[in-house]
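Visitor: A structural model of the following input is requested.
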Amino acid sequence: MLVVRHGVLVFEHYYHGATPATSFNVFSVTKSLTSALAGIALGEHALGGLQQPIGRLLATHLPPNPDPRLRRATLEQVLTMTAGLPAVSADGSPPSLVHASDWVRFVLSQHPLATPGGRSPTPATARTCCRRSPTSGPASPGPPTRRATSWATGS
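Guide: A predicted model of the protein is given here:
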């Protein structure tokens with residue numbers, strides 16, 4: 001457990017034999033955090049919008065000869081898990097993402113199992129999740145990191 005207050009690490013403790021080098025599968029937490037950061041970036045106009053193709057947005061991470069369907073997938077499709085990307089490898093095990101030196105390139109090297117698209121049940125989620133919290137009201141103004149910290153901690 002790490003606790004950071006005002007940008008300073010104030011508490012650090014590891015449980016059940018874990019160390020600072022231990023990796024954990026955090027499952028859907030990553031999706032929530034990514035959507036929150038995308039919401040902040042959209043609110044501050046650092047992203048061109050949810051319909052921006054990830055092939056353009058992440059061009060420097062594209063592998064050689066990427067699947068053209070994935071190149072055209074939008075940021076919204078990635079955030080709403082409608083880009084057609086596999087959740088597990090062909091043998092049913094999680095992809096070897098944690099062993100990849102470039103996680104973004106690893107994900108972009110996967111071949112979609114379906115054509116990207118489909119309607120998200122809540123397409124505005126990525127735009128709004130960091131602008132306000134259901135319990136704490138509007139996020140504080142300021143740089144994205146301060147706004148994200150404020151939103152996440154309620155401070």
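Visitor: For the protein, just list every one of the strands.
Guide: Listed in chain order, the strands of the chain (DSSP state E) span 2-5, 8-12, 132-133, 137-138.
Visitor: between these, which gets the lowest average pLDDT?
Guide: Mean pLDDT is lowest for strand 132-133 among the strands of the chain, at a mean of 34.
Visitor: Low-confidence bits of the protein, can you list those?
Guide: Using pLDDT under 70 as the threshold, the predicted model of the chain has low-confidence ranges 27, 87-95, 97-98, 118-155.
Visitor: which helix of the protein spans the most residues?
Guide: Taking DSSP state H as the criterion, the chain has its longest helix at helix 29-43.
Visitor: Summarise which helices and strands that helix is packed against.
Guide: Packed against helix 29-43, as judged by 3 or more CB pairs under 8 Å, 6 or more residues apart in numbering; DSSP states H and E, are the following elements: helix 75-79, helix 125-128, helix 144-153. For the C-beta atoms, the positions are set from N, CA and C on the backbone; glycine is no exception.
Visitor: CA-only coordinates of that helix in PDB, if you can.
Guide: Extracted as PDB, the C-alpha positions of helix 29-43 are listed here (Å, rounded to 0.1, in the frame of the first residue of the first chain):
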ATOM      1  CA  VAL A  29      -8.900  -1.000 -12.500                       C
ATOM      2  CA  THR A  30      -6.800  -0.200 -15.500                       C
ATOM      3  CA  LYS A  31      -9.800   0.500 -17.600                       C
ATOM      4  CA  SER A  32     -11.300   2.900 -15.000                       C
ATOM      5  CA  LEU A  33      -8.000   4.800 -14.600                       C
ATOM      6  CA  THR A  34      -7.500   5.000 -18.300                       C
ATOM      7  CA  SER A  35     -11.000   6.300 -18.900                       C
ATOM      8  CA  ALA A  36     -10.500   8.800 -16.100                       C
ATOM      9  CA  LEU A  37      -7.300  10.100 -17.600                       C
ATOM     10  CA  ALA A  38      -8.900  10.200 -21.000                       C
ATOM     11  CA  GLY A  39     -11.700  12.200 -19.600                       C
ATOM     12  CA  ILE A  40      -9.300  14.700 -18.100                       C
ATOM     13  CA  ALA A  41      -7.400  15.000 -21.400                       C
ATOM     14  CA  LEU A  42     -10.600  15.500 -23.300                       C
ATOM     15  CA  GLY A  43     -11.800  18.200 -20.800                       C
END
